[in-house]
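In: A predicted structure for the sequence below; I have some questions about it.
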Amino acid sequence: MPTRKSSPTTGARKSGKKIRYAVVGLGYFAQEAILPAFANAKKNSELVALVSDDPEKLKKLGRKHDARLGFGYDRYDELLASGEIDAVYIALPNDLHKDFALRAAKQGIHVLCEKPLALTERDCEEMIRAANEHHVRLMTAYRLHFEAANLKAIEAIKSGAIGEPRFFNSSFSMQVKDDNIRVKTERGGGPTWDLGVYCINAARYLFQDEPTEVIARMASKADDARFPEVEEISSAILTFPGDRQATFTCGYNGVDLSWYCVTGTEGYICLDNAYDYGMPTTLEISKGGKSKSKEFGKRDQVAPEILYFSDCVLNDREPEPSGLEGLADVRIIRAIHESARTGKPVALERFEKRARPAGEMEMSKPPAEQEDLFHAEAPTRD
């Protein structure tokens, strides 16, 4: 099959047309958050095609979300070469990200890919290299880089609101179902890949730096049938330059919880529901014994990243979070697993990452309309 010689969006940039998307993978998160988000991203983005191995999903969800094209995975290359789309949003299991991203890039199709970007550093680097070689944009789908509460926390720390930030602590947990792909090793499952990536990414953007060493431990209940392949609990300590530390624990056998707190020499910042897209978030800043709290209501966190990525494509700009941002977290997750396996600290090579999320990236969109899931279910127990 021939490879495109130039980006399919050249005409779109000249004429002001919208970026045409295919969403690849129609599981829980795609139905719950990605597909509805296109209603809030109409300014520069259009949902054109869906890709799934379930013909009923393609038909029903195509009608619901006005996607006029439906392709099975076996026809993915045909879609890429059809001239009907400019970009793909990859929402597949973690182990499939690399293959579907590479195939898109080689056809001149831009790639917005869910996190983790891939399962090894080498795979991430191959995806980045393919995007560069074929002149397409690659973005890792970090929705919190556009989310108000997290960006307010970043800006507050940068402004010196808590003095010098010294340590970060975070917890992220849920009760996972025993038949979910999140408990399958071959699919890139486990709480470190699934939940820990948020804690790691938050520590990096709050400290505005990269860790130099990792030490980790993992555990599972022997009598819990859900965890024959992946860990139940993962805890890690990340050491950052300046003798700062970030600690987190994530797990698949706890009450729904997602929060972090950054302690500084003069105060602290805490964010409740820090990583959740379906709940209001509360930001607390304390200094000199005085605390202020602000609640941020439920909002669409996926539409902003789609709008931003489309703008980068239309204006020929490198997105941030880029593929490099995805690689930065994957190398840390891999080091966490190595440390847990060996019982020893793992040193991380120096990693240059200058671009970080900042306040000007904030975008606010109202909650997307939610409808019943079709041939998909939530990953958590009731």
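Out: Nice, I can see it. What you see is a predicted model, and the numbers here were worked out from it, not measured in a lab. Numbering: from 1, shown residues only.

In: drop to CA atoms for contacts and neighbour counts, all remaining ones
Out: OK.

In: what segments of the stretch 51-200 of the chain are strands?
Out: 69-71, 87-90, 110-113, 138-140, 165-175 (DSSP state E, counting those that start in this stretch).

In: dump these into CSV; add mean pLDDT as well.
Out: Converted to CSV, the strands of the stretch 51-200 of the chain look like this (pLDDT from 0 to 100):
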stretch, mean pLDDT
strand 69-71, 98
strand 87-90, 98
strand 110-113, 98
strand 138-140, 98
strand 165-175, 98
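
In: can you say which of these is nearest to residue 329?
Out: strand 138-140 (10.7 Å; CA to CA).

In: sorry, back to before: which of the strands of the stretch 51-200 of the chain sits closest to residue 330?
Out: Once the strands of the stretch 51-200 of the chain are compared by CA to CA, strand 138-140 is nearest, at 11.5 Å.

In: quick one: closest of the strands of the stretch 51-200 of the chain to residue 225.
Out: strand 165-175 (13.1 Å).

In: which strands or helices does that closest one pack on?
Out: Counting contacts by 3 or more CA pairs under 8 Å, 6 or more residues apart in numbering; DSSP states H and E, strand 165-175 packs against helix 197-207, strand 244-251, strand 253-264.

In: give me the angle between that strand and strand 253-264.
Out: 170 degrees (axes from the mean of the first three to the mean of the last three CA atoms, to 10 degrees).

In: which strand or helix spans the nearest residue to residue 65 once chain neighbours are set aside?
Out: Closest residue in space to residue 65, ignoring its immediate chain neighbours: residue 35 at 6.9 Å, by CA to CA, 6 or more residues apart in numbering. Assignment of secondary structure by DSSP states H and E places residue 35 within helix 35-37.

In: tell me the mean pLDDT over that helix?
Out: Averaged over helix 35-37, pLDDT sits at 97.

In: what does it contact?
Out: 23, 65, 300, 302, 303, 368, 369, 370 (CA atoms under 8 Å, 6 or more residues apart in numbering).

In: and for the closest residue in space to the fifth one that isn't next to it in sequence, the neighbour number?
Out: Using CA to CA, 6+ apart and skipping residues adjacent in sequence, the residue nearest residue 303 is residue 37, 4.7 Å away. Neighbour count of residue 37, defined by other CA atoms under 10 Å: 28.

In: residue numbering should commence at 26 henceforth.
Out: Understood, numbering begins at 26; the last thing we discussed is residue 62.

In: against residue 54, how distant is residue 62?
Out: 11 Å (CA to CA, to the nearest Å).

In: how about residue 46?
Out: In terms of CA to CA, residue 46 sits 17 Å off from residue 54.

In: try residue 154
Out: Following CA to CA, the distance that separates residue 154 from residue 54 is 28 Å.

In: and what of residue 111?
Out: Distance from residue 111 to residue 54, by CA to CA: 22 Å.

In: ok, the two, which is more surrounded?
Out: residue 111 (27 against 17).

In: if we can go back for a sec, and the helices and strands packed on strand 190-200 as TSV, adding mean neighbour count and mean pLDDT?
Out: Compiled in TSV, these are given as follows (neighbours: other CA atoms under 10 Å; pLDDT from 0 to 100):
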stretch	mean neighbour count	mean pLDDT
helix 222-232	22	98
strand 269-276	22	98
strand 278-289	19	97
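
In: kindly present those as a markdown table, with separate columns for distance to residue 182.
Out: Output for the helices and strands packed on strand 190-200, formatted as a markdown table (distance: least, CA to CA, whole Å):
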| stretch | distance to residue 182 |
| --- | --- |
| helix 222-232 | 7 |
| strand 269-276 | 14 |
| strand 278-289 | 9 |
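
In: can you check which of the ones you listed gets nearest to residue 382?
Out: Nearest of these (CA to CA): helix 222-232, 6.8 Å.

In: list of residues touching the closest one?
Out: Residues contacting helix 222-232 (CA under 8 Å, 6+ apart): 140-141, 178-179, 182, 190, 193, 195-197, 235-236, 271, 273, 285, 300, 354, 357-358, 381-382.

In: if you set the cut-off to 7 Å instead, what comes out?
Out: 179, 193, 195, 235, 271, 273, 300, 354, 381, 382 (CA atoms under 7 Å, 6 or more residues apart in numbering).

In: lowest-scoring secondary structure element of this structure by mean pLDDT?
Out: Least confident element among the helices and strands of the chain, by mean pLDDT, DSSP states H and E: helix 35-40 (a mean of 43).

In: and the next element down the chain from that helix?
Out: Past helix 35-40, the next helix or strand by DSSP H and E is strand 44-49.

In: average pLDDT for the helix or strand following that following strand?
Out: Moving toward the C-terminus from strand 44-49, the first helix or strand encountered (DSSP H and E) is helix 53-54. For helix 53-54, mean pLDDT is 96.

In: so which residues of the stretch 276-407 of the chain form helices?
Out: Ranges of helices within the stretch 276-407 of the chain are 328-339, 348-367, based on DSSP state H, counting those that start in this stretch.

In: what helices or strands is the longest one leaning on?
Out: When contacts are defined as 3 or more CA pairs under 7 Å, 6 or more residues apart in numbering; DSSP states H and E, helix 348-367 sits against helix 146-158, strand 163-165, helix 222-232, strand 238-244.

In: what does it contact?
Out: For helix 348-367, using CA under 7 Å, 6+ apart, the contacting residues are 140-142, 144-146, 149, 153, 163-165, 217-218, 222, 225-226, 239-243, 261, 370-371.

In: no more questions from me, cheers.
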